[in-house]
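Participant: Please find the sequence and the predicted model below.
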Amino acid sequence: MADKPIGGAGLRGQSAGSTALCTVGKSGAGLTYRGYDIQELADKARFEEVAHLLLKGKLPNQAELDAYVTKLKGLRGLPQALKTVLEQIPADAHPMDVMRTGASMLGNLETEESFDQQQDVSDRLLAALPSIICYWYRFSHDGVRIDTETDDDSVGGHFLHLLRGAPASELHARVMNVSLILYAEHEFNASTFTARVCASTLSDMHSCVTGAIGSLRGPLHGGANEAAMAMIENWQSADEAEREILGMLERKDKIMGFGHAIYRESDPRNAIIKKWSKQLAEDVGDSVLYPVSERVEAVMWREKKLFCNADFFHASAYHFMGIPTKLFTPIFVCSRVTGWCAHVFEQRENNRIIRPSADYTGPEHSEWVPIEERP
Ligand SMILES: CC(=O)SCCNC(=O)CCNC(=O)[C@H](O)C(C)(C)COP(=O)(O)OP(=O)(O)OC[C@H]1O[C@@H](n2cnc3c(N)ncnc32)[C@H](O)[C@@H]1OP(=O)(O)O
Ligand SMILES: O=C([O-])CC(=O)C(=O)O
């Protein structure tokens, strides 16, 4: 992996604009948000501070943080028309489709009329997205209409509270906090680039976020955490996992949760979430899933020099917290909405419509044939 030439396909290695939000993989590894190292943010910050950093441009002081948390808490309620729409979506729908519809419907009800509203619209999305997914999930799966206005101080605690109907433990709220920080921002990844392309046409915030959700849904991007879980839960021991992974590599299958478009040696988010996954494994007394995950990591490195990306140990961490697999990627949305919106602000501030060229590979000239003469 380390010597691989970075070719042009998929726009790899080409700059498609500038950003002051994030560096990814500078000198082989590393991730920073506005210059702050991800390890330090994960250790010391609250997700709401990171959201403030990305969306408002700086870390808040205590008074600003308190005001921001209070504001977000006040934006958790959902309009009746949105709840009615969510109630129409069947239980077997993909939750990322629910997120996409939820963001889009909110755009119908609370349309961004002018870019002056972009801060408030972003805060509203950040506060409402956990409510959207949990309202739908609890209604379609448990038949209950939940009150989405909790008093939890954190976005992560709020999400778990709505999902379970009871406040989260300190450990679970802490892990959610770290997870949301790790997923918040990642430069010109596919979903963020989608949001920026949409923003470059001077479209509204809800359209940018709705499009980004669609891009994040795919298994080569955010959907990999669910796909990784679906894979590792099949295996009862580390030895079985090793045998199966070797078979998959032999068949040239993609192993979800491994590799990265930019990082060449490691994804700095992995060590952080892996540590929390280990702690959660001890907390629940797991002796299968964590050893399976560790063995997969070792075999992938030994055989292919492929490393875990942010998604791989998120799978076991979320699982140990009892979160249903199909809600894994929606949690990613609840976090990444901060990065998406911050990128939309940047795009709007210095905009030129994003419109690259293509290398034409079709015929030079095609002779018109009347329809009745066509083969
Ligand atoms: C939060 C996130 O979105 S992180 C990414 C989440 N996605 C996944 O985990 C899906 C699995 N991983 C992948 O599909 C890829 O690694 C991607 C999409 C992340 C990056 O794609 P690319 O930039 O094209 O990967 P890259 O060019 O480094 O691939 C190098 C080689 O390793 C192989 N490879 C890369 N990842 C994997 C993998 N997970 N399993 C098996 N082989 C892999 C590629 O097939 C390629 O082989 P080739 O040269 O013979 O074609
Ligand atoms: O940067 C990427 O291509 C994918 C990724 O890790 C992310 O969006 O967090």
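Facilitator: Right, received. Where do you want to start? Ligands and ions are numbered 1, 2, ... in the order given.
Participant: pLDDT at residue 12, what is it?
Facilitator: What the model reports for residue 12 is a pLDDT of 89.
Participant: phi, psi of it?
Facilitator: phi -60, psi 130 (degrees, to the nearest 10).
Participant: Distance-wise, check the closest residue to residue 232 other than its chain neighbours relative to residue 235.
Facilitator: Leaving out its chain neighbours, the residue that sits closest to residue 232 by C-beta to C-beta, 6 or more residues apart in numbering is residue 292, at 5.3 Å. C-betas here are computed from N, CA, C, even on glycine. Separation of residue 292 from residue 235 (C-beta to C-beta, to the nearest Å) stands at 5 Å.
Participant: quick one, which of the two is more surrounded?
Facilitator: When neighbours are counted by other C-beta atoms under 10 Å, residue 292 and residue 235 differ, and residue 292 comes out ahead with 26 against 21.
Participant: Could you check how far the one helix or strand the more buried one maps to is from the centre of its chain?
Facilitator: When secondary structure is defined using DSSP states H and E, the element that contains residue 292 is helix 289-304. Mean-position distance between helix 289-304 and its chain equals 23 Å (C-alpha atoms, centre = their mean, to the nearest Å).
Participant: What of stretch 182-200?
Facilitator: Taking mean C-alpha positions (C-alpha atoms, centre = their mean), stretch 182-200 and its chain are 10 Å apart.
Participant: who does the helix holding residue 292 touch, helix- and strand-wise?
Facilitator: Secondary-structure packing of helix 289-304 (3 or more C-beta pairs under 8 Å, 6 or more residues apart in numbering; DSSP states H and E): helix 224-232, helix 238-250, helix 268-284, helix 312-320.
Participant: relative to helix 268-284, how tilted is that helix?
Facilitator: 150 degrees (axes from the mean of the first three to the mean of the last three C-alpha atoms, to 10 degrees).
Participant: who touches helix 289-304?
Facilitator: With C-beta atoms under 8 Å, 6 or more residues apart in numbering as the contact definition, helix 289-304 has outside contacts at 1, 232-233, 235, 237-242, 245-246, 249, 255, 258, 277-278, 281, 306-308, 312-313, 315-316, 319-320.
Participant: now do 6 Å
Facilitator: The contact list for helix 289-304 (C-beta atoms under 6 Å, 6 or more residues apart in numbering) reads 232, 235, 238, 241, 242, 245, 249, 258, 281, 306, 308, 316.
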